[in-house]
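S.K.: no sequence for this one, just the structure:
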């Protein structure tokens, strides 16, 4: 399978705990995006990487959230001191970077977080 | 990025064409129209995109009005597996630092019934 891979698929945690999600993009895709989706809503942009550089962060990304993409390959999204409001599906997407980029983003299946 | 407006829900009989409308009256001249869909419990899936001309691929057809203020996604022979939320998104592929982040609305829930 050469698609975007996200792990774990499901995560249940207690309020106050830290969690970390991983995303493996399609190889050779230098753009990587994180989105969050709550029930009944469309995905909302969180942050974006071009290679290893984090170029933009949404206001949704509070100080408790941090994302990294070391070496421009896989990415991790960490949430510290989780709150019940963090319960959501966290989606990762990747796309090619090119002068005539069509920005077709390929999404993983997501990590569903439940904070108890 | 231009705001898009879609009906909340639609349904369609299996085997018939599904026509999903989208209004984007504030779209600028160089903004593309993208369609994605999201099947329950999966990540969004790219379907098609276009700028001015009508487009067709193996999944669907995209009809854009001449004034570009609206478009229609056509699934020519809907199947039960096409039941999903369909998102219409207008954006510039690359724009400074945003570099094409997608703005999803609430989309249209398409239900295909047997």
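M.R.: Structure received. Keep in mind the model is a prediction, meaning the values are calculated, not measured.
S.K.: tally of neighbours for the closest residue to residue A:28 other than its chain neighbours?
M.R.: Leaving aside its sequence neighbours, residue A:28 sits nearest to residue A:96 (C-beta to C-beta, 6 or more residues apart in numbering or on different chains; 7.3 Å). C-beta coordinates here come from the backbone N, C-alpha and C atoms, glycine included. With neighbours defined by other C-beta atoms under 10 Å in any protein chain shown, the count for residue A:96 comes to 16.
S.K.: just the one 10 residues further on next, same as before
M.R.: Counted with other C-beta under 10 Å, the neighbours of residue A:106 add up to 19.
S.K.: distance of it relative to residue A:4?
M.R.: To residue A:4, residue A:106 is 5 Å away according to C-beta to C-beta, to the nearest Å.
S.K.: joint contacts of those two?
M.R.: Here residue A:106 and residue A:4 have A:26, A:93-94 as joint contacts, going by C-beta atoms under 8 Å, 6 or more residues apart in numbering or on different chains.
S.K.: geometric centre of the chain: which residue is closest?
M.R.: No chain was given, so I picked chain A. residue A:34 (3.1 Å; C-alpha atoms, centre = their mean).
S.K.: was after chain B, sorry
M.R.: Note: chain B centre (C-alpha atoms, centre = their mean) maps to residue B:35, 3.1 Å.
S.K.: how about it: what's its closest non-neighbour residue?
M.R.: Nearest residue to residue B:35 in three dimensions, chain neighbours excluded: residue B:47, at 4.3 Å (C-beta to C-beta, 6+ apart).
S.K.: and for the one you found, the neighbour number?
M.R.: When neighbours are counted by other C-beta under 10 Å, residue B:47 registers 21.
S.K.: can you pull out the strands in the chain?
M.R.: No chain specified, so I'll use chain A. In chain A, the strands defined using DSSP state E lie at A:5-7, A:10-13, A:19-24, A:31-37, A:44-50, A:53-57, A:65-68, A:75-79, A:88-95, A:106-107, A:111-115.
S.K.: right idea, wrong chain: chain B
M.R.: Using DSSP E, the strands of chain B run over residues B:9-13, B:18-23, B:32-38, B:45-50, B:55-56, B:61-64, B:70-75, B:84-91, B:108-113.
S.K.: residue A:49: which of the ones you listed is closest?
M.R.: strand B:84-91 (18.3 Å; C-beta to C-beta).
S.K.: hmm, the closest one in reach of chain A?
M.R.: Yes: contact of strand B:84-91 with chain A is found when judged by C-beta under 8 Å from any C-beta of the partner chain, involving B:85, B:87, B:91.
S.K.: flag the shaky bits of chain A, pLDDT-wise.
M.R.: Within chain A, the ranges that satisfy pLDDT under 70 run A:1, A:97-102.
S.K.: try 50
M.R.: Where chain A drops to pLDDT under 50, the residues are A:99-100.
S.K.: can you pull the residues of it lying near chain B?
M.R.: Going by C-beta under 8 Å from any C-beta, the residues of chain A near chain B are A:4, A:31, A:33, A:35, A:40-45, A:48, A:50, A:55-56, A:91, A:93, A:95, A:101-110.
S.K.: residue B:65: neighbour count?
M.R.: By the criterion of other C-beta under 10 Å, residue B:65 has 13 neighbours.
S.K.: gap between it and residue B:83?
M.R.: Residue B:65 is 27 Å from residue B:83, by C-beta to C-beta.
S.K.: cool, and residue B:56?
M.R.: For residue B:56, the distance to residue B:83 equals 22 Å [C-beta to C-beta].
S.K.: more crowded one of the two?
M.R.: More crowded of residue B:56 and residue B:83, by other C-beta under 10 Å: residue B:83, with 19 against 13.
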